[in-house]
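Student: Quick one: sequence and predicted model below, then my questions.
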Amino acid sequence: MSILSVGFLLFAVGLIILYFALPKRFQWWVLLVFSLGFYALGGLRNLPFILLTSLSVWGAALYIRRNNEAQKAYLKEHKELSKEEKTAYKAERKRRRKLAMLLCLLLNLGILCAMKYVHFLLAQANALAGLFGGSVTDAVRWIVPLGISFYTFQSVGYLLDVYWGKCEAQPNYLKSLLFTSFFPQIIQGPISAYKELSGELFREHDLDYHNFSWGAQRMLWGFFKKMVVANILSPYVASVFANYSGYSGITTFIGALCYSAQIYADFSGYMDIMCGLCQILGIRLTENFERPYFSKSVAEYWRRWHMSLGVWFKNYVYYPMAMAKWNQRLGKTARQKLGRAFGDYLPATIALVATWLATGLWHGASWGYIAWGGLNGLFIIFSMWMEKPFAKWKKGLHIREDAWLWRAFQVIRTFLLVTLIKVLPEVGSLRDGLGLWKRIFTEHSLPHSLGELLPFLDSYRNLAAALFGIGLMFLVSLLQRKEPVRARMERKLPYPVRMAVFVLLFFLILYFGVPASGGLGDFMYAEF
Amino acid sequence: MEELLEILNDLNPDVDYETEERLIDGKVYDSFKIITLISMISDTFDIELGPEHLIPENFNSAKAMWEMIQRIQEGEE
C-alpha cells in the first residue's frame, strides 16, 4: 500500500477510530491486526520471514529469561555453595544462554545476509570465475522481504538486550510479534529499543486533543516534504545521475545538492508522517533526525541523521567490538610498545572500521556502499586521531570555537562532504560514482543559459515549488534550534492564523505535490 | 576510589567528580572516551567489563562506577 494514497489515509482513519473506540485493553491488539494487515498488503510472501524472525527471537529471549530465573532460584535455595561452586554454576548457565542467543542470531542474520547479499556474492563469484573462463550461477532470483533490514536489526537488538540483562523478555508471543512488525517503522525504521517502544505500545492511551492536533500537523508537514520537495527533485536527480558524463561540472554539482535535499525531504518526510500518526494514537516513536545538515563534523552528522541506526550500530557492533577481550589486549600491548595515545585509540579505531563497513553493507550490497561506509569511517577516525593536533592549531590561529564564522564554515564543509559521500553509491556502480566526482571537479565549462545549467528542468512551476519547499525546510530547521515550530506557532500566532497556515500547506500539497508512481510511496529508504 | 578518581581526572580533569552525576546522560564522555575509560578500569582493577555493564546508571558518576567495580570484584555480576 502506498503511503501517498487515499487507501493509506483510509487505513489510518480506520486505525484511529478502532484504536479509540474499542476498550483500551484491546488497543495493542488493534495495532497488531493493522500491522500484520499492512505488512500482508505489501506482499503475502513477506509474512513467513517476519513470522520466523519474531518466533525465533521470542523463543530465544524467553529461554534466556527462564534460564536467568532458574539460576536465581537455584542460588537462593543453595546458599551453602562456595564462591567457586557458585561461579562454576553461573558459568554453565551463562554458556547455555549464550548458545541460545548465538543460534538465534545466526539464524536471523543468516536469513538477512542470504536474502540481501546472495546476488552480490554470486556476482563477485561469477566475476572471479570469469577470469578463468567459467561461471558459478546466475539462476538465483530472490526478492528481499519488505523491511527485513529494519525488523531484523530491531529484533537482534532486543535479543542482545535480554541476553545482557538490559531488558526483560516479553512472555506473550503476540506482543513480541507487534514489537517486530509495528507498521509505522517496518518500511524505513526507526529501529527502536524494546525498552522504549514496548512501554508505548502496550500502555493504554486516551484520545488527546493536543496529540491529535500536533500529530495531524506533523503528518501534513511530512506529506509536504515528500510530495512537494522529494518527488519533484527525484527526476532531476535521476537525470543527472544517468547523464552526468554529458552534463557540465556545475550542473552535476547541482544534481548532487538536489540529491541531498531529496533524500532528507524523503526520509524525514516519511518519519514526520509516521511519527505524526503515532502521536495521534498517543505513541511516541523514536526520532531519527535532529537537523542533520547543521552538523559541524561528519561524526556529529551521524549522531543527527538516521539516529536510530547510529545508536544500533554503536550499541551492538561498536561497543561489543571495542570492548572485546582480544581488542582490549591489543590496545594494552600497543600502549606498552607504541605509547599511550596509540594504545588508547587502537581498539576504538578497529571497532569503527568494522562498524562503518557493516553500516555500508547494511545500506546495500554493492562496492559503492562499501566505499561509502569506508569513507564515512575514514573521516570519523581521522578526526578522532587528529582531535588534539587540531585543537592546538586552532589555538595557534586564534580560532574561537563559538565564533559564528567558524561554525558556519564547519557546517558548510560538513554538508558538502556528506553530500559528496552520499552520491557515491547512488549513481550506479562505484565507477559511475567516481565518474560523477571527477565531472564535478574537472569539468569547468560555464553554461550560457538556464536551460544549459539545468537541462533536466521540466517546468518553472515545479522548480519554484521545490525551491520554496527547500527554503521552508531550511527556515523550519533554523527555528527548531530552540523549540518545535508548532510550539512557537501556538505561542505567537492566534488560532485562525495557525489554521490558515496549515490549510495553505494542504493546498500547496494538492496543487504542487507529485504523487509517487511505485508501491509504498516510493520512499528511498524502503530499498534498504 | 582514589585510583578511580585518578583515572577519571587523567581522562578529563575539568569535571568535578564529587558532584557530577550525568557523565553519560550529559554527554561529558563520548563513545571513544568510554572505551578508553573501560580499558583503564579493567587494567587497574583487574576486572572484565562487557557490554552488559554498559548502561548509563553504571557510568554516570564516579560513585556509580566504584559501586559497579565492587560488585564485579565480589562476583555479584
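Tutor: Great, that's in hand. Bear in mind that the values here come from a model prediction, so they are computed numbers and not experimental data.
Student: State the pLDDT value of the residue of chain B found nearest chain A.
Tutor: Going by C-beta to the nearest C-beta, chain A is nearest to B:E52 of chain B, at 3.7 Å. Placement of C-beta: from N, CA and C, glycine included. pLDDT recorded at B:E52 is 90.
Student: Can you tell me the SS state at it?
Tutor: Here B:E52 is helix, with the state taken from DSSP: H, G, I helix; E, B strand; the rest coil.
Student: show me what contacts it?
Tutor: Contacts for B:E52 (C-beta atoms under 8 Å, 6 or more residues apart in numbering or on different chains) come out as A:163-166, B:77.
Student: Now do the same contact list for A:F153.
Tutor: A:191, A:309, A:312, A:362.
Student: 6 Å instead, please
Tutor: A:F153 makes contacts with A:191, A:312, as judged by C-beta atoms under 6 Å, 6 or more residues apart in numbering or on different chains.
Student: Figure out the helix or strand that it lives in.
Tutor: helix A:148-163 (DSSP states H and E).
Student: Could you do A:A261 as well?
Tutor: helix A:249-281.
Student: Mind listing what's buried along that helix?
Tutor: Applying a neighbour-count criterion of 16 or more other C-beta atoms under 10 Å in any protein chain shown, one finds A:249-281 buried in helix A:249-281.
Student: Export stretch A:364-381 to CSV, keeping only CA atoms.
Tutor: Output of stretch A:364-381 as CSV, limited to C-alpha atoms (Å, rounded to 0.1, in the frame of the first residue of the first chain):
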residue,chain,number,x,y,z
GLY,A,364,23.2,-2.1,0.2
ALA,A,365,25.1,-5.0,-1.3
SER,A,366,27.5,-3.1,-3.6
TRP,A,367,31.1,-1.9,-3.7
GLY,A,368,29.6,1.7,-3.8
TYR,A,369,28.1,1.2,-0.4
ILE,A,370,31.2,-0.4,1.0
ALA,A,371,33.2,2.6,-0.2
TRP,A,372,30.5,4.9,1.2
GLY,A,373,30.8,3.3,4.6
GLY,A,374,34.6,3.2,4.4
LEU,A,375,34.8,6.9,3.6
ASN,A,376,32.4,7.9,6.4
GLY,A,377,34.5,5.8,8.8
LEU,A,378,37.7,7.3,7.5
PHE,A,379,36.6,10.9,8.2
ILE,A,380,35.4,10.0,11.7
ILE,A,381,38.6,8.0,12.6
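Student: Need phi/psi at the residue of chain A found nearest chain B.
Tutor: Of all residues in chain A, A:W164 sits closest to chain B, at 3.7 Å by C-beta to the nearest C-beta. The phi/psi pair for A:W164 (degrees, to the nearest 10) reads phi -80, psi 0.
Student: Give me every residue in chain B lying close to chain A.
Tutor: By the rule C-beta under 6 Å from any C-beta of the partner chain, the part of chain B lying against chain A is B:31-32, B:35-36, B:39, B:51-52, B:54.
Student: just to revisit the earlier point, so what's the residue of chain A closest to chain B up against?
Tutor: A:W164 sits next to B:51-52 when contact means C-beta under 6 Å, 6+ apart.
Student: can you do 8 Å?
Tutor: Taking C-beta under 8 Å, 6+ apart, we find A:W164 in contact with B:50-52.
Student: Nearest to A:F294, out of those: which one, please.
Tutor: B:P51 (31.5 Å; C-beta to C-beta).
Student: mind checking how far the closest residue to that closest one other than its chain neighbours is from A:L309?
Tutor: Counting by C-beta to C-beta, 6 or more residues apart in numbering or on different chains, B:P51 lies nearest to A:P320, which is 4.8 Å off, once chain neighbours are set aside. Separation of A:P320 from A:L309 (C-beta to C-beta, to the nearest Å): 16 Å.
Student: what about the two, which has more around it?
Tutor: Comparing A:P320 with A:L309 by other C-beta atoms under 10 Å in any protein chain shown, the one with more neighbours is A:L309, at 22 against 17.
Student: Alright, that wraps it up for me.
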